[in-house]
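> okay, sequence plus prediction incoming.
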Amino acid sequence: MTRFPILLLDYDGTLAETQPAILRSLREAFGASGIAAPSPDVLKQELTRGGTLQTLFQAIVPDSDEHDAAAFVRYYRAFYPAADEEETVLFDGVVETLSALKEQGKILAILSNKHAPTVCASIARFGLTSFFTGVIASEPHFPHKPDPRVMNERILPLFPKQPRSSFLMVGDTAADLQFARNTGVASCWASYGHGSSSQCEALKPEIRIDSFGDLLTALRD
């Protein structure tokens with residue numbers, strides 16, 4: 001049997017360098033909310049957690065309520081498309097590596113905490129849509145990584161006959177690696193992304209890659 005026939009791929013910091021677009025949109029959203037934007041270093045630190053916009057806003061503005069967080073998210077999503085188009089790039093070798101993985105018969109799916117319409121639009125803009133069997137991303141009233149319900153409620157229904165040993169979670173943050181640990185699947189840490197090295201190393205991923213292209217070699221070992 002092929003090792004890890006199903007690859008769950010994070011998007012931000014794994015396939016695409018989205019941090020400049022994210023930081024720009026966060027600054028604009030804080031400004032629109034009438035809140036002084038934290039420093040880039042503080043925002044980058046929050047991004048290492050791999051959470052959602054809501055969790056980031058609530059961490060930075062702890063006395064905020066759900067209405068405040070919802071307004072911030074709306075502002076961010078209004079600003080992000082332009083920033084994404086102007087600033088986001090794919091990491092080196094992504095298209096070639098995805099093509100090779102598909103040729104090997106791998107099943108590829110996106111598993112992201114990014115807003116589903118946003119990640120789908122970005123994937124389409126880069127011409128990547130056809131590589132993926134499915135896109136599982138952030139949607140209202142659905143759990144997100146590292147919540148193990150994501151596996152039971154959103155992933156396994158797409159692959160109902162596959163054992164958990166079939167899956168490899170590939171991502172750059174602690175949210176990705178903790179999700180893998182919470183659900184009993186193997187993990188691959190994309191060390192070149194946005195995650196905290198100390199947090200990710202502590203979660204003991206089975207595989208480490210220093211570029212996305214390294215995944216091909218790692219899966220042959």
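Everything's here; your move. Only a predicted model underlies this, so the values are computations on that prediction, with no experimental measurement involved. Residues are numbered from 1 along each chain as shown.
> what's near enough to touch Glu46?
Residues in contact with Glu46 (Cβ atoms under 8 Å, 6 or more residues apart in numbering) are 56, 59-60. All C-beta atoms are positioned from the backbone trio N, CA, C, and that covers glycine.
> pipe the residues you listed into a markdown table and attach pLDDT, secondary structure and neighbour count per row.
What follows is those, written out as a markdown table (pLDDT from 0 to 100; DSSP: H, G, I helix; E, B strand; the rest coil; neighbours: other Cβ atoms under 10 Å):
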| residue | pLDDT | secondary structure | neighbour count |
| --- | --- | --- | --- |
| Leu56 | 94 | helix | 21 |
| Ala59 | 94 | helix | 14 |
| Ile60 | 95 | helix | 17 |
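> just send those residues back as TSV, with distance to Gly50 too.
Below are the contacts of Glu46 laid out as TSV (distance: Cβ to Cβ, whole Å):
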residue	distance to Gly50
Leu56	10
Ala59	12
Ile60	15
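> what is the nearest of these to Leu111?
Closest approach between the contacts of Glu46 and Leu111, by Cβ to Cβ: Leu56, at 18.6 Å.
> correct me if wrong: Cys120 contacts Val135.
Yes. When contacts are counted by Cβ atoms under 8 Å, Cys120 is listed as touching Val135 (5.7 Å).
> which SS state does the residue located most distally from the centre of the chain fall under?
What lies farthest from the middle of the chain is Gly34; by Cα atoms, centre = their mean that is 28.1 Å. Classification of Gly34 by DSSP: H, G, I helix; E, B strand; the rest coil places it in coil.
> any idea how far the strand ranked longest in the chain is from the chain center?
For the chain, the longest strand by residue count, based on DSSP state E, is strand 107-115. The chain centre lies 7 Å from the centre of strand 107-115; the measure is Cα atoms, centre = their mean, to the nearest Å.
> give me the sheet partners of that strand and which way each runs.
The pairing partners recorded for strand 107-115 under DSSP bridges are strand 6-9 (parallel), strand 134-138 (parallel).
> let me have those strands in a markdown table, extended by mean neighbour count, mean pLDDT and distance to Asp68.
Shown next, in a markdown table, are the strands paired with strand 107-115 (neighbours: other Cβ atoms under 10 Å; pLDDT from 0 to 100; distance: least, Cβ to Cβ, whole Å):
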| stretch | mean neighbour count | mean pLDDT | distance to Asp68 |
| --- | --- | --- | --- |
| strand 6-9 | 24 | 98 | 32 |
| strand 134-138 | 19 | 95 | 19 |
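> mind checking the pLDDT average for the top helix by length along the chain?
Counting residues, the longest helix found in the chain (DSSP state H) is helix 66-87. Across helix 66-87, the average pLDDT comes to 96.
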